[in-house]
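can't give you the sequence, but here's the structure:
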């Protein structure tokens, strides 16, 4: 169906991706680089300042996923996404399938974002370890 709103949104996203490249470098203003922003987001989640859950409200997608689940097709879609991502996972729930599909969509749009995610996680873990080491040093004095 050529007039499907979901297809049109996907086409718009593809056009937008080709028109602009995402920036992961410091812009010189107060906007942090993506990996730094990701590290800050991990800290905010751990500190309880941000939620680790994603939510969306979309009637059409809700109906689609409800129908896929009810018709027994949701698990196959999750398995297909996991296969495309070369992951040895078997999504069984709607949440697991949504997570896998979102990761797949992101990888198709810009696979480098997962490298930035890894860099952000590394930066966060290093900062966390440094804080822990400093705390141990202070406690020993």
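The structure has been received and is ready for your questions. None of the values given here were measured: they were computed from a predicted structure. Numbering: from 1, shown residues only.

and the helix ranked longest in the chain, what does it pack onto?
Longest helix of the chain, by residue count under DSSP state H: helix 112-140. Helix 112-140 sits against helix 34-46, helix 94-110, with contacts defined as 3 or more CB pairs under 8 Å, 6 or more residues apart in numbering; DSSP states H and E. In short, each C-beta sits where N, CA and C put it, glycine included.

quick one: low-confidence parts of this protein?
Applying pLDDT under 70 to the chain flags residues 1-28, 139, 141.

list the contacts for the residue most central in space within it?
In the chain, the C-alpha nearest the mean C-alpha coordinate belongs to residue 103, at 6.0 Å (CA atoms, centre = their mean). Listed by CB atoms under 8 Å, 6 or more residues apart in numbering, the contact set of residue 103 reads 81, 85, 114.

for those, which PyMOL command selects only the ones that are buried?
Only the buried entries of the contacts of residue 103 go into this PyMOL selection, using 16 or more other CB atoms under 10 Å:
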select buried, resi 81
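
can I get the contacts of residue 103 in JSON lines with distance to residue 98?
JSON lines is the format used below for these (distance: CB to CB, whole Å):
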{"residue": "81", "distance to residue 98": "10"}
{"residue": "85", "distance to residue 98": "14"}
{"residue": "114", "distance to residue 98": "17"}
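
tell me the one among the contacts of residue 103 nearest to residue 31.
Distance to residue 31 across the contacts of residue 103 (CB to CB) is lowest for residue 114, with 20.8 Å.

what sits against the closest one?
103, 106-107.

any chance of these in TSV, plus distance to residue 97?
Formatted as TSV, those follow (distance: CB to CB, whole Å):
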residue	distance to residue 97
103	11
106	15
107	16
